[in-house]
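J.: below are the sequence and a predicted model; questions follow.
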Amino acid sequence: MAPSPFVVEWLERLAREPAPRGGPRRALDVAAGRGRHTIAIARAGFLAFAVDMRLDALRAAAAAAAAARVGVHCWCADLTQHPLPPARFDLVVVARYLRRDLFAALQRTVAPGGVVVYETFTTAQRALGVGPKSPDHLLEPGELRARFDGWSVLAYEETREPEAVARLAARRRG
């Protein structure tokens, strides 16, 4: 599966920005799976980290990254049990994943001036008859934007076709 065009667009935009602290910018792909976004992150020039709780998926991500000739750092962890380090990443990417109890941890792990790029399904996806159906995995209308209240929202949209998703790019102030 190809990376999300929204994520790729923001990777390209952010790659043109100067590194905030000098040196390589660190980016985290949350629930990275087989690494489709992690590889795109590395290709954009970020020091790429992938976290997922499925070891087999991370092994596939590492193999795909090696085949693409990019370096990635894989971390197998359940983020509800293993906390993310504070202010560590210049970019956090979350695609097709929703754990409401992780929003605060995701926000804390973004360094001041860093960006979150987030894209996942909304409750309107149920009407399309495919994809997740549980309310635990579907955002309510406006929920994603509200979760990043106090951040500088760079882009936000909710779509209904061909998929019902909310997309956000937001910068942590500071």
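T.: Right, received. Where do you want to start? Just so it is clear, the model here is predicted, and its values are computed rather than measured.
J.: helices along the protein, start to end?
T.: Remark: helices assigned in the chain by DSSP state H are 5-15, 36-43, 55-67, 103-109, 143-147.
J.: ok, and which of those helices has the densest surroundings?
T.: Compared across the helices of the chain, helix 36-43 shows the largest average neighbour count, a mean of 25 (mean count of other C-beta atoms under 10 Å). The C-beta positions use only the backbone N, C-alpha and C, and glycine is treated the same way.
J.: got the angle for that helix vs helix 55-67?
T.: Relative orientation of helix 36-43 versus helix 55-67 (axes from the mean of the first three to the mean of the last three C-alpha atoms, to 10 degrees): 30 degrees.
J.: same for helix 36-43, what does it pack against?
T.: Here helix 36-43 touches helix 5-15, strand 26-30, strand 47-52, helix 55-67, strand 72-76, strand 89-95, going by 3 or more C-beta pairs under 8 Å, 6 or more residues apart in numbering; DSSP states H and E.
J.: got the angle for it vs strand 89-95?
T.: Angle of helix 36-43 versus strand 89-95, following the same axes, to 10 degrees, is 150 degrees.
J.: identify the residues contacting helix 36-43?
T.: 1-4, 7-8, 11, 27, 29, 32, 48-50, 61, 64-65, 68, 70-72, 91, 93, 95 (C-beta atoms under 8 Å, 6 or more residues apart in numbering).
J.: and those, which are buried?
T.: When these are checked for burial by 16 or more other C-beta atoms under 10 Å, the buried set is 3-4, 7-8, 11, 27, 29, 32, 48-50, 61, 64-65, 70, 72, 91, 93, 95.
J.: who does Leu91 bridge with?
T.: Beta-bridge partners recorded for Leu91 (DSSP bridges): Ala27, Val115.
J.: outside of stretch 10-26, which residues touch it?
T.: Counting by C-beta under 8 Å, 6+ apart, stretch 10-26 makes contact with 40-41, 44-47, 49, 88-91, 111, 113-115, 117, 155, 169, all of which sit outside it.
J.: restricted to buried residues, select those in PyMOL.
T.: Restricted to buried positions by 16+ other C-beta under 10 Å, the PyMOL selection for the contacts of stretch 10-26 reads:
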select buried, resi 40+41+44+45+46+47+49+89+90+91+111+114+115+117+169
